[in-house]
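Undergrad: attaching a predicted model along with its sequence, questions to come.
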Amino acid sequence: ETGVTQSPTHLIKTRGQQVTLRCSSQSGHNTVSWYQQALGQGPQFIFQYYREEENGRGNFPPRFSGLQFPNYSSELNVNALELDDSALYLCASSLEASAGMRYFGPGTRLTVT
Amino acid sequence: QQQVKQSPQSLIVQKGGISIINCAYENTAFDYFPWYQQFPGKGPALLIAIRPDVSEKKEGRFTISFNKSAKQFSLHIMDSQPGDSATYFCAARDQGGKLIFGQGTELSVKP
């Protein structure tokens, strides 16, 4: 176990709705990043937060947004859900933004119908 | 330039055999190359990682071989066991800290 927790485990939403996913990073880790993993694919980088500031973003539209809180936990918000948003959403934490090691949580399985 | 290409897509190995998974990259600015193991329904677990100034790293039955000039790296799993059956991802980190993942290799180790 990595110490990174995510909630909820599974979620079913309807197209057009909004969703919030949560992540608690490993103790002492100040950097959190979010990835989207479609079925049968490798994880795709969404964005990264370091000490409550976004410091990197992948090729995802603005309807994907996030927050990092003073205790370094994080949220991923997705607005106007589309069917293609169905995926496993992974949170990863690391000791510093420059650190190589990323420890992943178990993920949240989002299904959009 | 940001792609990491992984092969094979799937691999079947007999128990006790050697599993070899290969990855190639283009961006010479990548500075860290981890391998992750993922079981169904779970998040990726960091297995082993290497920096580009090292040609080989071994941890137990797992070895990374790194060829900087060819821009290729590979994972070798010695004495493969049925419990190693999982999906393996190579990845590369860019200067912004983002990990770029390969497409994954589904490994099946037959008893």
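TA: It's in. Numbering: from 1, shown residues only, chains lettered A, B, ... in the order given.
Undergrad: from now on I want contacts and neighbour counts done on CA atoms only, so please keep to that.
TA: Fine.
Undergrad: any low-confidence regions in the chain?
TA: Defaulting to chain A. Scanning chain A for pLDDT under 70 picks out the ranges A:1-2, A:97-100.
Undergrad: nope, chain B
TA: Ranges of chain B meeting pLDDT under 70: B:1.
Undergrad: and the residue of it closest to chain A?
TA: Per C-alpha to the nearest C-alpha, B:Gly43 is where chain B lies closest to chain A, at 4.2 Å.
Undergrad: give me the three-state assignment for whichever residue of chain A sits closest to chain B.
TA: Nearest to chain B, among the residues of chain A, is A:Pro106, at 4.2 Å (C-alpha to the nearest C-alpha). With DSSP: H, G, I helix; E, B strand; the rest coil as the basis, A:Pro106 sits in coil.
Undergrad: which helix or which strand is home to the nearest residue to it once chain neighbours are set aside?
TA: Distances taken as C-alpha to C-alpha, 6 or more residues apart in numbering or on different chains place B:Gly43 nearest to A:Pro106, at 4.2 Å, with adjacent residues excluded. If you go by DSSP states H and E, B:Gly43 is not part of any helix or strand.
Undergrad: give me the element B:Val13 is part of.
TA: Per DSSP H and E: strand B:10-14 holds B:Val13.
Undergrad: just checking: what are the partner strands of that strand?
TA: As defined by DSSP bridges, the strand partners of strand B:10-14 come to strand B:105-110 (parallel).
Undergrad: what helices or strands is the helix or strand following the strand holding B:Val13 leaning on?
TA: Remark: after strand B:10-14, the chain's next helix or strand is strand B:19-25, criterion DSSP H and E. Applying 3 or more C-alpha pairs under 8 Å, 6 or more residues apart in numbering or on different chains; DSSP states H and E, we find strand B:19-25 packed against strand B:4-7, strand B:72-77.
Undergrad: need the contact list for A:Ile12.
TA: A:Ile12 is in contact with A:110-113, counting by C-alpha atoms under 8 Å, 6 or more residues apart in numbering or on different chains.
Undergrad: among those residues, name the buried ones.
TA: A:110-112 (16 or more other C-alpha atoms under 10 Å in any protein chain shown).
Undergrad: go through those residues and flag which are in strands.
TA: Using DSSP state E, the subset of these located in strands is A:110-112.
Undergrad: pull out the buried residues from the strand holding B:Val13.
TA: For strand B:10-14, a neighbour-count test (16+ other C-alpha under 10 Å) marks B:11, B:13 as buried.
Undergrad: could I get the contacting residues of residue 110?
TA: You didn't say which chain, so I picked chain A. A:10-13, A:85-89 are the contacts of A:Leu110 under C-alpha under 8 Å, 6+ apart.
Undergrad: try again with chain B
TA: So B:Lys110 contacts B:12-15, B:81-82 (C-alpha under 8 Å, 6+ apart).
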